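[1] prediction below, plus the sequence it came from.
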Amino acid sequence: MHQEEGIAAGAGQQEAVPGSAALRLLSGIASPFLAERERWMLWLPVVLGCGIGGYFLLKAEPPLWVGGAGLGAAIGLAVLLHRSLNGRLLALLVCAFSLGFAAAQYRSQTAGTIFLDRQIGPVIVEGQLVRIEQRPGDRRLTLEPTRIGRLSPDKMPRRVRMVVRSEMPEIALGDRIRLRAVLRPPPGPSAPGAFDFQRHAYFEGIGGVGYAIGDVSRLAEGKPAGFWVAVDGLRRTITERIRAILPDETGAMAVALLTGDRSGLSEQTLETMRDSGLAHLLAISGLHMGLVAGTVFFTLRFLMALSPALALNQPIKKWAALAALAASFVYLLLAGATVPTQRAFLMTGLVLVAVLIDRVAISLRLIAWAAAFILLLAPEVMLGPSFQMSFAAVLLLVAFYEANRERFAAFRAGAGPLRRGSLYLFGLVATSVLATAGTLPFAAYHFNQVALYGALANMAAVPLTAFWIMPWGVLALLLLPFGLEGLALAPMGLGIDGVLAVGAWISALPGAVLAVPAMHAAALLAVSLGGLWLALWQRAWRFAGLVPVVAGLAMPWIAPQPLLLVDGEAKLVALRGTNGLAFSSVRAASFTAENWLQRAGQEWRIAMPRPGSGGRDGIACDGLGCIGEVGRLKVAIIRDPQALAEDCRSADIVVALVPIRQRCPSARLVVDRFDLWRHGAHALYLEDGVLRLDSVGADRGIRPWAPDPAAQRNR
C-alpha cells in the first residue's frame, strides 16, 4: 500500500495546477490524515453514530431495506475499489454509516411499543410488577398489564407506569397487583426541540403513563425463586440496614451510592448537588463502577503481593482483575441493572479484560470499541445525556493523559515527595477541569444550566469519594452478611457529610449556576464533532476542532428565542413580553411551564394580566382571551369562541385554544385546537422580520414513537 496513491495523489497534482487553493487545501489535509493513519479506527463509533443520528433525524420511517442496501453498497465498493486507498476508505465509511443506520432501524422495529390512543380512566389495571421507584412523596410503579379496563389485548401496551401517592401493602417485584388508575399516552415534547419523552418511553416499552386512584391491592405473590425478585429483596435489605445506622441525608446518599436508590434524598439535597456540579455522584455510572472495581483490584493485589510465593509465582494481577470483574457484576445487580449501569459495567469490564489478556487497560482504542458496541446494542442511548456526558468526560481525560504520557513519565522519574505531590495536585486539577469541560455543553443542552464552580467542587468531592467513601462502602457490603457493616458505614458517613458540606458551600456561592437558553441540536452537533476532532487526532491540525466548539457554545446566546409558545393540549400559552415569558395560567400544565421556563432561562412564571386589570408588559386580557404584540404584529390569544368574530378581523396572529370553523381574513398565521391536536406544541419565531412557526409534529415527523394522531384515533 503506497501513500502516493489515493488521498496523497492530490499533493502531486498540486504542481500541475499551480495556485489552485482547493488542491493546496487537499494536500494540507491529506498529509496529516495519512500521518495519523493508526488513529483512523477511533472514528469508527463516530461514523456509526452519524448513521444512527441520520436515522433519527428522518421525518418518516424509511423502508426496511434501506439499511441493508447501504451495507450491500459498501461491500460492492470494497470489491470494485479494493486497489485504491480512497476506495477502501469510502467503503469502510459507507459500511459503518449503514451499520449504524441499520442498527437504529432494527432496534426501532423490534421495540414495537403500543401506545394508548387516548386518555382513559379511572379503570381497573391488573398486572405484574416489574419496577418500583420510591421517590420523595410517592412511588412510581411499572407494570406489565394483563388487564386495563375493557381494553382489547391488541391495543394493550406492553408496560404502563403509574404514580402512587396512597399507602400500599408490602409488595415486591414479580407480584401481581390491582389498582384503579387514570392512564394516557406518553406525552410528546413540550416544545419543538425539547426532550422527547415519547421516544424515550417507546424504547423503554412504556405505552401508557398515569396515576393511581385509591389503594393498591396485591393479587398474588411473585415467585420466590425469581432471580430479580431475589435481587430486589437483597437491595431492600441493604437499604434497611444502611438506614438503620446512618440517619437522614447521610444514609440516603449511602443508599444511593451502593444501590442506586435515590428516593430517600430530599429535593433540597438534589438541588444542592445539581447546583454544585456534583449530581453525577448520585447516579451510578462509570465513576462508581470503576471505583468499586478499582478498590477490589488494588486491595486484593496488595494483599496477595505480601506473600512472596504468590507474587513471584502466580499471576496475581489477573486474579485481582477477575475478582474485580465479579465485584463489578454484583454491583451492577445491586444498582438495578439500569441502562447507565449496564454501560458502566461494560466499559469497566473491557478494562479488566484488557488486563487479563495483557493489553493496555485504558486507551482511546478501548473507549472506541466500548462506544461502538454500546451503539450497536442500544442505538437510542446516543440521544440521551448519560451516554453523551460519560463518554465525553472519559474521552477528554484519556486523550489528555495519552497525549502527555511521556511528559508525566519524565517528570515523575526520580521525583521526590514534593514533586510527586505537585504532580498529584496537577492531575487532580486537570481531571476536574477536563471532566467538567467535557460534560458542560451536554449539561447546557439537556438541562439548560451549567454549574460554574463544578470543577472546584469536584476537586474536593471526587477524591473524597474515590479514596474514602467508596472503599468503605465496598467493605460495608462485604461485612453485611456478618452483621458488622456498622464498622465501615460510620467512616463512610463521615465522608458523605464532607461531600454534602462541599456541595452546600459551592452551591451557595454567588453565580453558582448559569442558566443557558435552549440550545439547538445543531449547536450540540458542532460542539461534539469539534471536541472529537480535538481529542482523537494528535497533530497540530487537531486544534481546528476549537472553531466548531466555540461556534456551538455561542449559538444559544445568539439564536432567536421563541416569542410565543402553545402547548399541545391547549392548556397553556406563553407570550414574550418586556420582562420575559408571560403565561396564560399560573397553575395549568405545571410540567410544561417548568420546561418552558428552563429552556428560556427564566426563574418563575410571569402571569398574563387578569381580565379588567388594564394590561401589563404589552399584554391586555379580558374574559375571552388576551391581546399582545410580537414585533409590531397584533397577537390574539383566544380562550372563548365568542372572541373569534372580532379577533379574526383584526389580529395578525391568531392562537385559539378552541376550534376555528371560520376564515380569519386579517391573520397571517392561525393556530387552533385542531392544529395543536394534529401537530402538538407550537413555537413562533421572528427572524429578520420574517415569521417562522415550528411545531413538534413538523420537527419529528411521523415515526414509530410519534404516530399520526388521526391514524391512531381511527385504529
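    In hand now; what should we look at?
[2] Ala460 and Val502 touch, don't they?
    Yes - Ala460 is within contact range of Val502, at 4.8 Å (criterion: CB atoms under 8 Å). C-beta: built from backbone N, CA, C; applies to glycine.
[3] list residues touching both of the two?
    Residues touching both Ala460 and Val502 (CB atoms under 8 Å, 6 or more residues apart in numbering): none.
[4] so where do the helices sit in the stretch 351-500 of the chain?
    364-377, 385-403, 405-412, 417-447, 454-464, 470-479, 486-507 (DSSP state H, counting those that start in this stretch).
[5] Ala651 is nearest to which of those helices?
    helix 417-447 (34.9 Å; CB to CB).
[6] for the record, mean pLDDT for that closest one?
    For helix 417-447, the per-residue pLDDT values average out at 84.
[7] stretch 325-345 now?
    Mean predicted confidence for stretch 325-345 is 84.
[8] then stretch 160-167?
    pLDDT averaged over stretch 160-167 gives 91.
[9] tabulate the CA atom coordinates of that stretch in PDB.
    Presented in PDB, the C-alpha positions along stretch 160-167 are these (Å, rounded to 0.1, in the frame of the first residue of the first chain):
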ATOM      1  CA  VAL A 160     -47.600   1.100  31.900                       C
ATOM      2  CA  ARG A 161     -46.100   3.300  34.500                       C
ATOM      3  CA  MET A 162     -48.200   5.000  37.300                       C
ATOM      4  CA  VAL A 163     -47.500   7.300  40.200                       C
ATOM      5  CA  VAL A 164     -49.000   6.100  43.500                       C
ATOM      6  CA  ARG A 165     -49.400   8.500  46.400                       C
ATOM      7  CA  SER A 166     -51.600   6.400  48.700                       C
ATOM      8  CA  GLU A 167     -50.400   3.800  51.200                       C
END
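[10] residues in contact with it?
    Contacts for stretch 160-167 (CB under 8 Å, 6+ apart): 125, 127, 137-143, 145, 148, 179, 181, 183, 206-212, 214-216.
[11] repeat that for stretch 484-494.
    241-242, 245-246, 250-251, 254, 468-469, 472-473, 475-477, 479.
[12] do that again at 6 Å, thanks
    Stretch 484-494 is contacted from outside by 245-246, 250, 469, 472-473, 475-476, 479, using CB atoms under 6 Å, 6 or more residues apart in numbering.
[13] what stretches of this structure score poorly on pLDDT?
    Across the chain, the ranges flagged by pLDDT under 70 are 1-28, 222-226, 361, 612-614, 710-715.
[14] state the distance from Ala501 to Phe391.
    Distance of Ala501 to Phe391, given as CB to CB, to the nearest Å: 31 Å.
[15] tell me which of these two has more neighbours.
    Using other CB atoms under 10 Å, the more surrounded residue of Ala501 and Phe391 is Phe391, with 21 against 12.
[16] okay, and Phe195 sits in which element?
    Assigned by DSSP states H and E, Phe195 falls within no helix or strand.
[17] ok, now how distant is it from Pro709?
    20 Å.
[18] list phi and psi for the residue nearest to Leu572 when sequence neighbours are not counted.
    Counting by CB to CB, 6 or more residues apart in numbering, Leu572 lies nearest to Ala589, which is 4.1 Å off, once chain neighbours are set aside. Main-chain torsions, Ala589, degrees, to the nearest 10: phi 50, psi 60.
[19] of all the helices of the stretch 351-500 of the chain, which one is nearest Trp604?
    The nearest among the helices of the stretch 351-500 of the chain, by CB to CB, is helix 417-447 at 17.7 Å.
[20] so that closest one versus helix 454-464, what angle?
    120 degrees (axes from the mean of the first three to the mean of the last three CA atoms, to 10 degrees).
[21] may I see the buried residues of helix 417-447?
    431-446 (16 or more other CB atoms under 10 Å).
[22] what helices or strands is it leaning on?
    helix 385-403, strand 449-451, helix 454-464 (3 or more CB pairs under 6 Å, 6 or more residues apart in numbering; DSSP states H and E).
[23] so which of the ones you listed is nearest Leu234?
    Per CB to CB, nearest to Leu234 of those: helix 385-403, 24.5 Å.
[24] how far away is Pro481 from Pro186?
    Here the criterion is CB to CB. By it, Pro481 lies 42 Å from Pro186.
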